Every structure is written in C-alpha cells, then in structure tokens.
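S.K.: Dropping the sequence and predicted coords here.
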Amino acid sequence: MEPFGNGWYRDGLLSLWGNADIIGTMNFNTFLADAFAHHKAGRLQEAEQAYRQALAINPRHPEALHHFGLLAHQVGRNDAAADLINQAIASATPWVPANYYGNLGWILYQLGRAVEAEQVTREALKREPASSSWHNNLGNALYLQGRITEAAAFWKKSFELDKNAGGALSNYANVLQETGQIQEAMAAHKRAAEIAPQPDAAWDNYLRDVGFLTDLDPLFVKNEHENWAATFLKTIDQKLVRTSHKNEKNKEKTLKVGLISPDFRLHSVTYFIEPLLRQADRNKLQLFCYSNVHAPDDVTARLQTYPATWRNIVGLTDVQAAEQIEKDGIDILIDLGGHTSANRCRILAYKPAPIQMTYLGYPYSTGLKACDYKLTDEISDPVGESDSHYTEKLLRMPISSWCFEPPKFNVPVGPAPHESNGYVTFGSFNTYNKTNDRVLDAWGKIMARVPDARLFIKCHGLGDPQIKAGLMARLKARGIDESRVTIMGREVRTDSHLSLYSKVDIALDTFPYNGTTTTCEALWQGVPVVTREGHMHVARVGETLLMAVGLGDLVAKDIDSYVELVVKLAGDKARISELRRTMRERMLKSPLCDQPAFARRFEDAMRQAWAGYCS
C-alpha cells in the first residue's frame, strides 16, 4: 500500500475538502499539533491526514507545508516534497528559516538536481554559517556535480564544526576511497561509524572500502563483514527475530520470491534484474519487489509494468518492512543491495522469510547468519575455492548468474577507431578507485610495448581538475606521455556515455576489482575487453562475462599474461575490426543475453533452495 493515495499531490491539497462551512469550524492548531505528534512518533499515515486537515484550513502555513514536505520526502515522494517546501519558502518570505533552504537542498540532491541543491544550500549557509549540517549537504551537492575537491573541503569543515558529525567524516572518507587512499578511507569510515548517531552508512562504506584493497584477502573481507554483523545484532531486539515460519512446505507450489533493492531505477543493477522481471514464469515464481528508491524515475515506471507486486518501503523501519514481508508470505527473500548505498540488507536480520539470499548488487558476504545463500555461479565462485569466503552457503547457477539487458538507447556501433586513426586506443571507464598502482603499472608496460597507442580513461571523479592532475602524474611516473592520454569525467546521459566507446578499440579491465556493467557496455558497443583472473568473486566477474560470450581467450591468468594478451590483440587489427562488426550478434546469441534461459536457471535455483528447506 502506497503511503499516499494515488494522485494525492496531483489532485491538490484542497481537493479533499469541499465544504467551507465545515472547514471553518475545524481547529487548525489542534490538527497541526496532532500532525507533529504523529510525525514524531513515526505514524506517517496519521500525520499525513492531520497535515492535510491543517492545510485545508490554512494552505499557506509555512511550518505545516515544510513538515508535510519532510514527510513526503521520508516516503520517497521527493518531487512533491520539493514543491511543498518551495511553497513553505514562498509563504515565509521575507524571513525564511535556514532549515527550509537546507532541507530543500537535501531533497533536490536526492532528486539529482545538484545545481539547484547547491544554490539553496548556500542560502541556508548564509543564515547559519556555522552549521555543520549545511556544510555537509553542500558537499553532497558539489560532489554530485563532480566537484570533488570542493566537496571534500566542505565535508572537512562540517566535521571541524561538529566532531560528532560522523556523516560528514564518512563523506570525506569517500573522497579518500575514490582517489585510491583505501587504508585512510577505511580508518576514517570506522571512526565515523563510532561517532555517528546513525552509523549504518559509515559501516556500509567501510565494508565497501575493503573490496578496493590491492591485496584482497577473501578471509579478511569475510571476517570484517561478520564483525560488523556481530556489532549490529547487539543493537536490535532479538525478540523480533523470527525463529519459525508458517509458509507451506510444498515443493511444487508457486514460490513467492521477494526482491529488496534501492536500485529499481536508472542504475547498473537494472541491467541485470530486468530480464528476470520480464521472463520469470509466473506459474513458478510470484515476484514481489520491495523498493527503497528515494527518487523514482522513468526506469522505475518501466519496471513496474512487469507482473510483480510492488511495495514502497522508503520510510519504513527495518521492523516494519520485515512485518510487511512476513505478511506477504514470502518464501524466498533476496537482497540485491548488500552494503551499497541506501541498502536495506538489515531487514534480513529479522528473518521475515524462511529462505534468504544475497545476489547481484554486492559481491561479498552480508555477514549476516540470517542470510542463507549467496546466489552466484561456478566461474565467479569456483567449487572448493570460494565457499569459505562467505557467511552464506553458495548457491551456484550453471553457466552464469548474470544476464544483461541491452541498453534502451540505440547507440549504433561504428567502425573501430584504429581504422581511421591508424593507431589503437585503449580505454577504461571503470571507477577510479579500481585503478590501483598495479593496474597502472600494467598499463604503463602496455603503452611502452605499443608505442603509437593512445589511452582513454573516463569516470566520475576525473571531472575534478585536481584528481585529473593526480592521475596524470601517476601515468607520467610510468612513462606515459600526457599527449597520448585523454582523461574525462562522468557523462551524465547514458546514450552519450555509450557513444564514447566509439573512441576505444580495446577495453582494459581493472583488477583485482573487475568491471561488470562497464564490461557489458563495452562489449555491446563492439569493444573487446581483456581481463585478469583473480582469486575471489570481484576478481572473476570479468572472466564470467567473457566466457559467457565465447571470449575466454581474453582472460589472463596473471599480470604478465594480461600485458601479453593486450599487446597481442593490439597487433591483430583485423580481429579488433571483426569483433567490432560481430560483437552484438555474438552477445545476443550468447548465454549472457539469453533471457528465457537465464530465467529458467534462476527458477531452478529457487526450486533447489526451496526443496532443501522442505526436506
């Protein structure tokens, strides 16, 4: 059930009230006091009704509009929230409290309207220049614009103003992580988790950081996740954890499968979950999507057209969400977020479903013993090698646990750029934090071996001049002249991003943390990818994807062979051109894009897990 009725905002606040005589007898102050009380207690539906009643009497009351806007934000209605708070600002003029601007800035940031968020947050800072919160929020808005060095300065100032501002410290640590200072970032995130009133995001960031270490120790990664879980479980009421379930143990029944995600939107996870939403056999699986999307978009709307039951869990506590999942009778609950941004993996701790899994959006263990399985495949997690890397039991799908949804944008594949340039261009569009010193060492050797080649590197952080200069200095230290390098920041539009592959002949995967979506996008645009095999999931995804499209010969066993493979392929221009012409057809005929076959493999995995539970 949606927190607001259908069209509640479109129809207007006053549309519910048609009798002015009745309205005139109502007590505005009583309604507003009730709204505040319900809101503070978390009774959001009751608060909504009381705000409506108050605003029906006085539709321009600034505090009522402001708080109603905050409530709308809490339940993920950010467009409405922004409009309500804008009304509050207009009604409060000429004297507007700082928090109206500050909260509006945060909501605009959530909507991705970073320039507007910056403008209004600066208005908040004019009124409260010593506010740690507004400094933190301004950092967020600047970061979203790629102005990372500026953002870091505001986050640092936020923490200086309030030594308990764990959120600002964690944000600042994100810059350290994004620029490859992983150990420093881990220390700062751990400190942020210790001081923040709500430490979840800082802990998630810390656990994510672990995966960017150059020397990845799978057991260290697992232990850190389990240590987090032990700390977290001390904070919840164990009486609310389910120890038994009422689900019918019938091996042949249609299984209710719940998917929890903050990423049912324009996000890389969508590329790999949409095939399941489209192709799942509803006689075998009844899908429920528990959406924690704070800023729904056109992709959200598209996903909601598939036959599944949708629940908006934005604004629900973990306990409330678990109660809804239990009420829905979910047999198998799958978290798609792990410890990524805005995740809800902590719901699993309450065990609302008899079988619980982690899949897709996060490559490591959740650390939670209440999570029974990690859904994976035999290449990403080889039998006998990877089982000890997870708290969960591994449930391996044959062939591949990945299925790629081609982009909706029809960006054509043109000829390989070497055909007109006369030289080969290597490219990497992976995040900067994956580009560690060993990766750059290998790229330096490649560029030395192919002296006329060019290198094109693109990612979010490189739009910042200081970070760009830092990368260029690292490349120069490896003998790569600046004239041979193109460095570019994030391209916001997906079609424009995809079109940039027209400038790349060969994509260089990062290691030990491979690309996933970037690898699939490169292949879709006709660009062969060379990867290096590693010893845990994040270091094997490249191999999984290339094996699925029949390009296993582009998987290197070690760094030296990685360099050799790239140099050899660079010298085979005929093959580069041939792959360019045939790659899309190759992908579409491969297991990586065979959506019906993937759905059957997924259904079989669910049935296997359920049969084990029933037995």
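M.R.: In hand now; what should we look at?
S.K.: Pass me the low-pLDDT residue ranges in the stretch 1-150 of the chain, would you?
M.R.: Confidence mapping of the stretch 1-150 of the chain against pLDDT under 70 gives the ranges 1-26.
S.K.: Oops, could you answer that again for the chain instead?
M.R.: Looking at the chain by pLDDT under 70, you get 1-26.
S.K.: Okay, strands next: where are they in it?
M.R.: Ranges of strands in the chain, per DSSP state E, are 255-261, 285-291, 309-312, 332-335, 355-358, 373-377, 393-397, 425-428, 454-458, 485-488, 506-508, 529-532, 555-556.
S.K.: how about these in TSV, adding distance to residue 215 and mean neighbour count?
M.R.: No exception for glycine: its C-beta is placed from N, CA and C like everyone else's. Converted to TSV, the strands of the chain look like this (distance: least, CB to CB, whole Å; neighbours: other CB atoms under 10 Å):
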stretch	distance to residue 215	mean neighbour count
strand 255-261	31	24
strand 285-291	36	22
strand 309-312	41	16
strand 332-335	28	26
strand 355-358	24	27
strand 373-377	23	24
strand 393-397	23	19
strand 425-428	21	23
strand 454-458	23	21
strand 485-488	27	16
strand 506-508	20	26
strand 529-532	14	27
strand 555-556	18	22
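S.K.: Turn these into CSV, columns for distance to residue 157.
M.R.: Formatted as CSV, those follow (distance: least, CB to CB, whole Å):
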stretch, distance to residue 157
strand 255-261, 34
strand 285-291, 35
strand 309-312, 36
strand 332-335, 36
strand 355-358, 37
strand 373-377, 41
strand 393-397, 45
strand 425-428, 33
strand 454-458, 30
strand 485-488, 28
strand 506-508, 38
strand 529-532, 41
strand 555-556, 45
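S.K.: Out of these, the one nearest residue 94 is which?
M.R.: Across those, residue 94 has its closest neighbour in strand 309-312 (37.4 Å, CB to CB).
S.K.: still on that earlier bit, and the strands of the chain: which comes nearest residue 588?
M.R.: strand 529-532 (17.0 Å).
S.K.: That closest one pairs with which strands, and in what direction?
M.R.: Strand pairing for strand 529-532, using DSSP bridges, gives strand 506-508 (parallel), strand 555-556 (parallel).
S.K.: Turn those into a markdown table, including distance to residue 203.
M.R.: Shown next, in a markdown table, are those (distance: least, CB to CB, whole Å):
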| stretch | distance to residue 203 |
| --- | --- |
| strand 506-508 | 32 |
| strand 555-556 | 34 |
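S.K.: So which of those is nearest residue 497?
M.R.: Proximity to residue 497 (CB to CB) singles out strand 506-508 among these, at 13.5 Å.
S.K.: Now do that closest one: everything it contacts.
M.R.: Outside strand 506-508, the residues that touch it by CB atoms under 8 Å, 6 or more residues apart in numbering are 424-429, 443, 446, 501, 518-519, 522, 527-530, 566, 569-570, 576.
S.K.: just so I know, which of the strands paired with strand 529-532 lies nearest residue 154?
M.R.: Of the strands paired with strand 529-532, nearest to residue 154 by CB to CB is strand 506-508, at 34.0 Å.
S.K.: How about the contacts made by residue 58?
M.R.: 28, 64.
S.K.: And residue 358, by the same measure?
M.R.: Here residue 358 is in contact with 334, 335, 338, 345, 365, 366, 371, 373, 374, 375, 392 (CB under 8 Å, 6+ apart).
S.K.: Could you give the number of residues near the fifth one?
M.R.: Residues within reach of residue 365, counting by other CB atoms under 10 Å, total 25.
S.K.: Quick check, it in contact with residue 392.
M.R.: Yes - look at residue 365 against residue 392 with CB atoms under 8 Å: they come within range, at 5.9 Å.
S.K.: So for the two, which residues contact both of them?
M.R.: Taking CB under 8 Å, 6+ apart as the contact rule, residue 365 and residue 392 both touch 358, 371, 374.
S.K.: Quick one: residues contacting the second one.
M.R.: For residue 371, the contacting residues are 335, 345, 348, 356, 357, 358, 365, 391, 392, by CB under 8 Å, 6+ apart.
S.K.: Next one: residue 300 relative to residue 589, how far apart?
M.R.: Distance, residue 300 to residue 589, using CB to CB, to the nearest Å: 30 Å.
S.K.: swap in residue 476?
M.R.: Separation of residue 476 from residue 589 (CB to CB): 43 Å.
S.K.: Excluding sequence neighbours, find me the nearest residue to residue 446.
M.R.: Leaving aside its sequence neighbours, residue 446 sits nearest to residue 566 (CB to CB, 6 or more residues apart in numbering; 5.0 Å).
S.K.: for residue 525, same thing?
M.R.: Per CB to CB, 6+ apart, closest to residue 525 is residue 501, 3.6 Å.
S.K.: what about that neighbour, how many residues close to it?
M.R.: Quick note: residue 501 (other CB under 10 Å) scores 25 neighbours.
S.K.: next one: the one 10 residues further on
M.R.: In terms of burial, residue 511 registers 25 neighbours under the definition other CB under 10 Å.
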